[in-house]
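Asks: what follows is a predicted protein model with its sequence.
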2 protein chains.
Amino acid sequence: MSDGAALERFTRRLGYAFRDPDLLARALTHRSAPGANNERLEFLGDGLLNFVVAEALFRSRPGAEEGELSRLRSRLVCEDALARQAERLAVGDVLILGSGEHKSGGFRRASILADTLEAVLGAVYVDGGFDAAREVCERLLADAVSQLPDPGLLKDAKTRLQEFLQGQGRPLPVYEVSAAEGPPHLQRFTVRCRLGDGPETTEGRAGSRKAAEQDAADRMLLKIGEGSHA
Amino acid sequence: MSDGAALERFTRRLGYAFRDPDLLARALTHRSAPGANNERLEFLGDGLLNFVVAEALFRSRPGAEEGELSRLRSRLVCEDALARQAERLAVGDVLILGSGEHKSGGFRRASILADTLEAVLGAVYVDGGFDAAREVCERLLADAVSQLPDPGLLKDAKTRLQEFLQGQGRPLPVYEVSAAEGPPHLQRFTVRCRLGDGPETTEGRAGSRKAAEQDAADRMLLKIGEGSHA
C-alpha cells in the first residue's frame, strides 16, 4: 500500500509523470489485491521492453550476430535483472498487494517486482506513447547495457564454463553434436552440453559446430547461475 | 534474385517506400547469399512485431486476460501465420538466396519467408521509425486479427479438442494436475493434457484448475495443428 508522497517519489525516480494517475495505480496493483490488476499491462510492458532492448542492442552492437543479440537480451530482461531495476526504483514501496501476499513478504519477491516493473513500463506507453516509454526503458537499463560483457568475452563461453567448473573442482562438461540439419551449404548444428557431475543439459544451435558449442556453453552458464559473471 | 520492377511491386504491396533502398535489399538477403544478410534485421523485426501485436490485442480485447492475449499473439506471429502473410506479399519474388538454397526451392520455404518478412518489418522501423512500422504491421495483420476466434470460443478449448478427437474416432484426452504452487489465495495450477493414443502432452497454467485445463487444451490444439480452426 502506498500514499501520495511515496507515489510522487516513485515517479520522480522513474523519471516520468503520468497524465492519468489511474493507469499508474493499476500498474502497481498485483493480482492478489482486489479489483483491476496489472497483468494486462505487464503483457504489454513485456513486449515493449523486449523490443526496446532489441533495438538498443541492434544499434549499440553493430558487429554482433543475431544469436549474440538474443543472448544479450535474455540477460537484460530476465527476472533477476528486472527485479534489480525494480529494487533501485523501490517498487516495493508503492506496490499494491492483497493482504495475504503482503504478510508473506510479496513486496520483496523478485517475480512480483519484475512483473510490476514491466506493468509500469506498459502503463508509460499507454499514457505517453512510444518515445516516452522508450526513453524510460533506456534510462532504466543504461547501466545494465553498459555493463554487459563485451562480445569478445561472450564468445569465450566454453572457456568461462570450464574455468568456473574447475574452480569448484568439478569435471569438465561434455559437448556432443545431437543434430546437423539442412543442405550442406546451410547446415545448422545442434550441440548438447552436459555437466560431468549433474543432470543439467543445454542445447546450442548455430551454423558451425564450434559456434553451437559456444552457444550451448553460454546457456549452461546462464542455467547454473554464472551468466552474469562474464 | 530480383529486378527493380519486382522490388517496386513488392514495396507497393507492402505499402511502404524505403528512403534507403540498401536497407530493403539487406532485409531481403537470406544468409545463404554472400555478403551482409538479414538476420540482425530479423531479430529487430521479431521484437517489433511481437510488441505491435501485443498492443493491438491489448487495445482490441479489453476483456481478455493476460494468458489469453498471450495465446492469441502466438497464433498471429507463429511461423505459419507469418509465412502466409509473406506469400500474400509475394516475398519469394524478391528474396535474395544463395544458389544452393535457390535450387532447393528456398523461396517457398515457410521458415525463410517468415524470417524475411520479419526482417523487412525491422528494416521499415530503422528506415521510417515506430509509427510507420506499426502502420505496416497492423495493415499486414488486420485480416488475421479480425479472423481470430472470439474469446468465448477460445475459452472452450476443451470442447474443441474433444470434438476434433471424436471426429477422428480417437480417445478423449486426459487432464491431470501436475503442480499446485503458491499460497492458498494465490495458487497457480499446472495441468498436463495427454492424448489417449499418442505421445503428445502439453501443460497449461492458470489460477484455477479449470482455466489451466483450458490452457492445456488450447496448447494441444495448437500442437496437433488444429489451433486455427477455432
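Replies: That came through, no problem. Residues are numbered from 1 along each chain as shown, chains lettered A, B, ... in the order given.

Asks: for chain A, which helix or strand comes out least confident on mean pLDDT?
Replies: The weakest-scoring helix or strand in chain A, judged by mean pLDDT, DSSP states H and E, is helix A:151-154 (a mean of 55).

Asks: packing partners of the top helix by length along chain A?
Replies: Longest helix in chain A, counting residues (DSSP state H): helix A:39-60. If contacts are counted by 3 or more Cβ pairs under 8 Å, 6 or more residues apart in numbering or on different chains; DSSP states H and E, helix A:39-60 sits against helix A:21-27, helix A:66-77, helix A:110-128, helix A:130-146, helix B:39-60, helix B:66-77. In this view, the C-beta of every residue, glycine as well, is placed from N, C-alpha and C.

Asks: grab the nearest non-local neighbour of A:D20.
Replies: A:D127 (5.5 Å; Cβ to Cβ, 6 or more residues apart in numbering or on different chains).

Asks: same thing with A:F107?
Replies: A:G92 (3.9 Å).

Asks: ok so, going back, need the next SSE after the least confident helix or strand of chain A, C-terminal direction.
Replies: Counting by DSSP states H and E, the next helix or strand C-terminal to helix A:151-154 is helix A:157-167.

Asks: that next one to helix A:66-77, inter-axis angle?
Replies: 50 degrees (axes from the mean of the first three to the mean of the last three Cα atoms, to 10 degrees).

Asks: could I have helix A:157-167 exported to PDB, CA atoms only?
Replies: The C-alpha trace of helix A:157-167 is given here as PDB (Å, rounded to 0.1, in the frame of the first residue of the first chain):
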ATOM      1  CA  ALA A 157      31.700 -19.100 -23.100                       C
ATOM      2  CA  LYS A 158      33.300 -22.500 -23.300                       C
ATOM      3  CA  THR A 159      36.400 -21.200 -21.500                       C
ATOM      4  CA  ARG A 160      34.400 -19.400 -18.900                       C
ATOM      5  CA  LEU A 161      32.300 -22.500 -18.200                       C
ATOM      6  CA  GLN A 162      35.500 -24.700 -18.000                       C
ATOM      7  CA  GLU A 163      37.200 -22.300 -15.600                       C
ATOM      8  CA  PHE A 164      34.100 -22.000 -13.400                       C
ATOM      9  CA  LEU A 165      33.800 -25.800 -13.100                       C
ATOM     10  CA  GLN A 166      37.500 -26.300 -12.500                       C
ATOM     11  CA  GLY A 167      37.400 -23.600  -9.800                       C
END
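
Asks: buried residues, the helix or strand following that helix. List them.
Replies: The helix or strand immediately downstream of helix A:157-167 is strand A:174-181, counting by DSSP H and E. Along strand A:174-181, these residues count as buried under the neighbour rule (16 or more other Cβ atoms under 10 Å in any protein chain shown): A:Y175.

Asks: can you pull the residues of chain A lying near chain B?
Replies: A:31-32, A:39-40, A:42-44, A:46-48, A:50-51, A:53-55, A:58, A:64-66, A:69-70, A:98, A:100-101, A:104, A:125, A:130-131, A:183-186, A:207 (Cβ under 8 Å from any Cβ of the partner chain).

Asks: now A:D80. Nearest residue, chain neighbours left out?
Replies: A:D80 sits nearest to A:A110 (Cβ to Cβ, 6+ apart), 6.5 Å away.

Asks: ok, A:S70 next?
Replies: Closest to A:S70 by Cβ to Cβ, 6+ apart is B:F43, at 6.3 Å.

Asks: run a quick neighbour tally on the one you found.
Replies: B:F43 has 26 neighbouring residues, counting by other Cβ atoms under 10 Å in any protein chain shown.

Asks: what sits against it?
Replies: By Cβ atoms under 8 Å, 6 or more residues apart in numbering or on different chains, B:F43 lies in contact with A:54, A:58, A:66, A:69-70, B:122.

Asks: next, count neighbours for A:E66.
Replies: 19.

Asks: residues touching it, list them.
Replies: A:E66 is in contact with B:39-40, B:42-43, counting by Cβ under 8 Å, 6+ apart.

Asks: phi and psi next, for A:L221.
Replies: phi -60, psi -40 (degrees, to the nearest 10).

Asks: just A:G204 next, same as before
Replies: phi -120, psi 150.

Asks: who does it form a beta bridge with?
Replies: A:V191 (DSSP bridges).

Asks: was I right to think it contacts A:D215?
Replies: Yes: counting by Cβ atoms under 8 Å, A:G204 touches A:D215, with 3.0 Å between them.

Asks: who touches both of these two?
Replies: With Cβ under 8 Å, 6+ apart as the test, A:G204 and A:D215 both reach A:V191.

Asks: by contact count, what packs against the strand or helix carrying A:M220?
Replies: Assessed by DSSP H and E, A:M220 sits inside helix A:209-223. Under the contact criterion of 3+ Cβ pairs under 8 Å, 6+ apart, helix A:209-223 touches helix A:66-77, helix A:157-167, strand A:174-181, strand A:188-194, strand A:201-206.

Asks: got the ones you listed as JSON lines, with mean pLDDT and distance to B:V191 columns?
Replies: Formatted as JSON lines, the helices and strands packed on helix A:209-223 follow (pLDDT from 0 to 100; distance: least, Cβ to Cβ, whole Å):
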{"stretch": "helix A:66-77", "mean pLDDT": "91", "distance to B:V191": "28"}
{"stretch": "helix A:157-167", "mean pLDDT": "86", "distance to B:V191": "36"}
{"stretch": "strand A:174-181", "mean pLDDT": "90", "distance to B:V191": "30"}
{"stretch": "strand A:188-194", "mean pLDDT": "92", "distance to B:V191": "29"}
{"stretch": "strand A:201-206", "mean pLDDT": "89", "distance to B:V191": "26"}
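
Asks: low-scoring stretches of chain A, by residue?
Replies: Within chain A, the segments meeting pLDDT under 70 span A:1-2, A:150-156, A:185, A:226-230.

Asks: repeat that for 50
Replies: Across chain A, the ranges flagged by pLDDT under 50 are A:1, A:228-230.
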